[in-house]
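> Curious how this folds, go ahead:
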Amino acid sequence: MSNPYNVQQTAVIGAGTMGRGIVISLARAGLPVLWLDNDPKATEAGLAMLAQTWRQQVDKGRLTGEEADACLARVRRVSGYAELAQVDLVIEAVYENLALKQEIFRTLDATLKPEAILASNTSALDIDAIAAVTQRPAQVLGLHFFSPAHVMKLLEVVRGAATSPAVLDTAQALGRRMGKEVVVARNCPGFIGNRMLATYVAEARKLLLEGALPRQVDEALQGFGFAMGPFRMYDVVGNDLQWRARQLAGQGMDAPLVQVDNALCARERFGQKVGKGYYRYAAGSREALHDPEVDELVIQVSRDLGMRRREVDDAEILERCLLALVNEGAKILEENMAASSHDIDRVYLFGYGFPQATGGPMHWADEQGLGLILARLERLQGLFGEHWRPAGLILRLVADNRRLADVREGQA
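Residues are numbered from 1 along each chain as shown. I've put the predicted structure just below:
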């Protein structure tokens, strides 16, 4: 009997930036792709972008002309869900709105053959809430690609409460076929990478309000070895993405930590794509240039919030941003949301630009010594409050003279 999850024909819903990258990844791996977007012009523009991308690969000697032609031939635009009826696996890649994704999954569930796998590219939404609107929750999971999806190596495979082992195995095999570093995460807000990132950027934003400036924070973290600091990262991703999400949700706009972002977006400083964000960018250049206007804006926002600014040194920036990652990573491990500290490290090495030489945040913490990490966390708790309370797992590992690397799934 053949494996019911033998993926031969795929489909992608959505022709935005993520959808395009996912289509490229699938076609490059030799898989035929049916491509659907509710705006036919989006898939048309997407196909032109695909052709250009593969033409550039030929020019750089990474593909032959025949291979590029074959990749493009594997992709076919479709105009409705009915044309997807016989696909083996579909990946939804529309914007982050739970109700919209649920509506799409209801339609997919009603339209696709019973054995088809339904995957969402969500970066943070509840996979179980998406699976719950279908009659096949065992065949629903997350495939969280990182942008740009055809370049970034990491693929977080998100296992829902009902996802079957066979579906999980199939998804991991698909990820490896696309040349990805595959890490399985269980379902929690933000999964592994973005859950940890939230604590890291929260510290970076607090540091701005307390006395640091964007370039100082970025340079301290880049000096440690990060590919880019958090504010440079926001410029690349687009400062307006979270801003627009807050507006759509009708909540979060008043939070102190996002007031600098709000002020930037009110001035249409959306990032690299428009030539100005936390930094300035010359036309056609990706070089981030210091902009004193942003420093003045940061100082003004912090004063408007009643903050008394102080000197912040690079050591404090590193301490708070790195230990925020480590402590949240330990909580993820403790809750069995990741199988091992090594998996958490791979997420950060391949998805978030953590310096390769360190081995990742959890390996770095083990190298520092968990006793020292615990003491530093307790010091930060005393200075800044309860959100710095050390993860229970760190306390237990220090007491037992064990390391994060010694923890295996189900043993935290």
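
> Just the buried residues of stretch 265-276, please?
Taking 16 or more other Cβ atoms under 10 Å as the neighbour-count basis, stretch 265-276 is seen to contain the buried residues 265, 269, 270, 271, 272, 276. In this view, the C-beta of every residue, glycine as well, is placed from N, C-alpha and C.

> Need the max-distance pair from these.
Using Cβ to Cβ, the buried residues of stretch 265-276 span at most 14.1 Å, a distance reached by 265 and 272.

> Give the helix, strand or coil label for residue 268.
Residue 268 falls in the coil class when you classify it by DSSP: H, G, I helix; E, B strand; the rest coil.

> In this structure it contacts residue 274, no?
Yes. With contact defined as Cβ atoms under 8 Å, residue 268 and residue 274 form a contacting pair (6.7 Å).

> can I have stretch 200-210 written out in PDB, keeping just the CAs?
Listed in PDB are the C-alpha atoms of stretch 200-210, where the atom choice follows Å, rounded to 0.1, in the frame of the first residue of the first chain:
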ATOM      1  CA  TYR A 200      14.500  40.100  23.000                       C
ATOM      2  CA  VAL A 201      13.000  43.000  21.100                       C
ATOM      3  CA  ALA A 202      11.000  44.000  24.300                       C
ATOM      4  CA  GLU A 203      14.400  44.600  26.100                       C
ATOM      5  CA  ALA A 204      15.800  46.500  23.100                       C
ATOM      6  CA  ARG A 205      12.800  48.800  23.000                       C
ATOM      7  CA  LYS A 206      12.900  49.300  26.800                       C
ATOM      8  CA  LEU A 207      16.600  50.200  26.500                       C
ATOM      9  CA  LEU A 208      15.600  53.000  24.000                       C
ATOM     10  CA  LEU A 209      13.200  54.500  26.400                       C
ATOM     11  CA  GLU A 210      15.600  54.300  29.300                       C
END
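
> Please enumerate the strands of the stretch 301-412 of the chain.
Shown for the stretch 301-412 of the chain, no strands are assigned by DSSP state E, counting those that start in this stretch.

> How about the chain?
All strands of the chain, identified by DSSP state E, fall at 10-13, 33-36, 75-77, 89-92, 117-120, 140-145, 154-159, 181-186.

> export these to a markdown table and tack on mean pLDDT, distance to residue 321 and mean neighbour count?
Putting the strands of the chain into a markdown table (pLDDT from 0 to 100; distance: least, Cβ to Cβ, whole Å; neighbours: other Cβ atoms under 10 Å) gives the following:
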| stretch | mean pLDDT | distance to residue 321 | mean neighbour count |
| --- | --- | --- | --- |
| strand 10-13 | 98 | 35 | 27 |
| strand 33-36 | 98 | 39 | 23 |
| strand 75-77 | 97 | 40 | 17 |
| strand 89-92 | 98 | 32 | 25 |
| strand 117-120 | 98 | 30 | 26 |
| strand 140-145 | 98 | 23 | 26 |
| strand 154-159 | 97 | 20 | 25 |
| strand 181-186 | 97 | 22 | 22 |
